[in-house]
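Colleague: build me a model:
(2 chains)
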2 protein chains.
Amino acid sequence: MNKLLILGSIAFDQIETPFGKSNAIMGGSANYIALAAAQFEVPSAVVSIVGDDYPQDYLNLLSQRHIDVSGIEIVHGGKTLFWSGKYRNDMNQRDTLDTQLNVLTNFKPVVPEAFRNAEVLLLGNLHPTLQMDVLDQMLSRPKLVVMDTMNYWMNHTWDLLMEVVARVDMITINDEEARQLTKEYSLVKAAQRIMAMGVKFVVIKKGEHGALLFHDDKVFFAPALPLAEVFDPTGAGDAFAGGLVGYLTKTRDYSFSNLKNAIVHGSNIASFCIEKFGAERLLTLTQDERHARLQQFRDLTQFDIQLK
Amino acid sequence: MNKLLILGSIAFDQIETPFGKSNAIMGGSANYIALAAAQFEVPSAVVSIVGDDYPQDYLNLLSQRHIDVSGIEIVHGGKTLFWSGKYRNDMNQRDTLDTQLNVLTNFKPVVPEAFRNAEVLLLGNLHPTLQMDVLDQMLSRPKLVVMDTMNYWMNHTWDLLMEVVARVDMITINDEEARQLTKEYSLVKAAQRIMAMGVKFVVIKKGEHGALLFHDDKVFFAPALPLAEVFDPTGAGDAFAGGLVGYLTKTRDYSFSNLKNAIVHGSNIASFCIEKFGAERLLTLTQDERHARLQQFRDLTQFDIQLK
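Modeller: Numbers count the residues shown, from 1 in each chain, chains lettered A, B, ... in the order given. Model prediction:
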């Protein structure tokens, strides 16, 4: 069976929204990505690092979903990455209150033997050197390599970042990051520039305004589901990416038309993620719930204009 | 044949964008709405007012498209509404540099006899008293009454505005205005509140982020076409509304599923409008061009997920 390998962070997140404040809960991109991908019941593994303050229970939540955790290094006497942030009233902007890198500072990723031949590789938003390191440990080039990144790496590790970009098939990035990466305001032009860097598929995430997928001269758009309440947007972008790669790992079809479906599945899972604090909602999400909401996505976007 | 009546402003617009600066050109909501609706070759009429400084040539551009201009009062010795504005570099924000109401100050709309039985009525963004006045001149209640409005009327004529809102079937409004009208940040909740005021269909325009249509518990979303260049966004919202009512006047089908199509047609026409200064592009737009781009809208949004 086809395998998915995920590089990402594992963290304690402490989140404040207009609706309330969480304790230091299970967070980090790898958790969101892995839990979202697990919706498609594909063999997956996470490469990450935690301190011994990280609860075994949290790791068990992954194992129970057949997510291999042997690539998550546990540093004895070390402290897990900690992030705290506060959302403003419109939920579209957040301020980081605190970031403590802790064990992440000395992270040397090691890909579990059984996943060095994974067909799909998701390089989550971490230092480009770590992304490169994981890519180098693969026995053969995966069929699909997806990377996420952020403005911090553009500002501080531009050349290394460009080396990774040159080696991936797909990048998922938000609108502001796409603009920063290319110095283009138009997202169409930004996507064209990123494709000119050698990336086949460019996914631009626009938060509540949906996501765009670019490939050659083709473009597809998936809206975010209009929701009455957004409880906590943390992790929505990672859940989106996780759903996307989970679906692709399951279907093994990397055509543009199947990528459209993958984007819709990703948006669908992200729409659940934001209903509760952190990854809480992803832990209870069922296939039936997903399928019911996919019908809503269909109603939201599908039309039938007959042209003469 | 089914008729469309349009109340709106006619103006000289002087527009500055990062790409250049226009002279004082043909502008105002009525021109954009009427030219967009004319794509569907339905009998329409405009109720508006100009000074005798307004070129007969501009009025002819409407007449040539079978738009009745007998309801456009020409004030001898009067000056036409003038607006000038400047777009910022991101094209999403504009600053009004000057507004001279001129003849609009004493406007008393008179609906041409032949259009008092119009089946579709679009009340463009003007003083609520003018909107009410036109509604009162109709021989019978039109099948569909659509209104546009803006924050100015919410701030200055709230009670009058509410009287109009209570009498229309559909409101088209931008996201910020929907929030101001309802004190709700969530657009879903805002739409619910507006429907509770008695409006059956709520269309929320989000500019480059597309448009949402709400009706009962149903929602539909049409994205804006992702374009490499936005030359001038002026009038895009009016062209959208014009396309929407033009299509509905033509098809006489006010069901939700046909309204979806109307929203897509409106978005399509708006996507052309922003390619040139003012209404210039609407004057050359052909049905073939529209149909070709509708195919792009389809490719952009349609997907085919099979659920087990």
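Colleague: CA atoms for contacts and neighbours, from now on please.
Modeller: Noted.
Colleague: next one, pLDDT for the one residue in the stretch 1-150 of chain A that gets nearest to chain B please.
Modeller: Nearest to chain B in the stretch 1-150 of chain A, going by Cα to the nearest Cα, is A:D90, at a distance of 7.0 Å. pLDDT recorded at A:D90 is 77.
Colleague: name the element it belongs to?
Modeller: Taking DSSP states H and E as the definition, one finds A:D90 inside no helix or strand.
Colleague: what about A:L139, neighbour count?
Modeller: A:L139 sits with 12 neighbouring residues when counted by other Cα atoms under 10 Å in any protein chain shown.
Colleague: phi first, then psi, for it.
Modeller: Dihedral pair for A:L139: phi -70, psi -40, per degrees, to the nearest 10.
Colleague: next, the residue nearest the centre of chain A: secondary structure please.
Modeller: Nearest to the geometric centre of chain A sits A:D238, at 2.7 Å (Cα atoms, centre = their mean). With DSSP: H, G, I helix; E, B strand; the rest coil as the basis, A:D238 sits in helix.
Colleague: ok, now how distant is it from chain B?
Modeller: 22 Å (Cα to the nearest Cα, to the nearest Å).
Colleague: what's near enough to touch that residue?
Modeller: Going by Cα atoms under 8 Å, 6 or more residues apart in numbering or on different chains, A:D238 touches A:29-30, A:32-33.
Colleague: sorry, back to before: three-state assignment of the closest residue to the residue of the stretch 1-150 of chain A closest to chain B other than its chain neighbours?
Modeller: Distances taken as Cα to Cα, 6 or more residues apart in numbering or on different chains place B:Y185 nearest to A:D90, at 7.0 Å, with adjacent residues excluded. Here B:Y185 is coil, with the state taken from three-state DSSP.
Colleague: burial of B:Y185, as a residue count?
Modeller: Neighbour count of B:Y185, defined by other Cα under 10 Å: 18.
Colleague: just A:R293 next, same as before
Modeller: 18.
Colleague: before we move on, the earlier item: just checking, the residue nearest to A:D90 touches A:L227?
Modeller: No: B:Y185 is beyond contact range of A:L227, at 11.2 Å (criterion: Cα atoms under 8 Å).
Colleague: which residues does A:S22 contact?
Modeller: A:14-16, A:277.
Colleague: actually A:S84, not the one I typed
Modeller: A:13-15, A:96-99.
Colleague: as CSV, those residues with secondary structure, pLDDT and neighbour count would be great.
Modeller: As requested, these are exported to CSV (DSSP: H, G, I helix; E, B strand; the rest coil; pLDDT from 0 to 100; neighbours: other Cα atoms under 10 Å in any protein chain shown):
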residue, secondary structure, pLDDT, neighbour count
A:D13, strand, 96, 23
A:Q14, strand, 96, 21
A:I15, strand, 95, 24
A:T96, strand, 94, 11
A:L97, strand, 94, 12
A:D98, strand, 95, 13
A:T99, strand, 94, 12
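Colleague: in a helix, A:Q192, correct?
Modeller: Yes: judged by three-state DSSP, A:Q192 forms part of a helix.
Colleague: A:A11 pairs with what?
Modeller: In this entry, A:A11 is beta-bridged to A:G27, A:L81, by DSSP bridges.
Colleague: buried stuff in stretch A:80-90?
Modeller: A:80-87 (16 or more other Cα atoms under 10 Å in any protein chain shown).
Colleague: which SSE is A:R298 in?
Modeller: Taking DSSP H and E as the criterion, A:R298 maps to helix A:287-301.
Colleague: report the backbone C-alpha coordinates of that helix in CSV.
Modeller: As requested, the backbone C-alpha atoms of helix A:287-301 are provided in CSV (Å, rounded to 0.1, in the frame of the first residue of the first chain):
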residue,chain,number,x,y,z
GLN,A,287,-16.2,9.9,7.3
ASP,A,288,-20.0,10.3,7.4
GLU,A,289,-19.6,13.9,8.6
ARG,A,290,-17.1,14.6,5.9
HIS,A,291,-19.3,13.2,3.2
ALA,A,292,-22.3,15.1,4.4
ARG,A,293,-20.3,18.3,4.2
LEU,A,294,-18.8,17.5,0.8
GLN,A,295,-22.4,17.7,-0.4
GLN,A,296,-22.5,21.2,1.0
PHE,A,297,-19.4,22.1,-0.9
ARG,A,298,-21.0,20.8,-4.0
ASP,A,299,-24.2,22.8,-3.4
LEU,A,300,-22.0,25.9,-2.7
THR,A,301,-20.1,25.8,-5.9
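Colleague: and chain B, is it touching that?
Modeller: Yes: on the criterion Cα under 8 Å from any Cα of the partner chain, helix A:287-301 is in touch with chain B at A:291, A:299-301.
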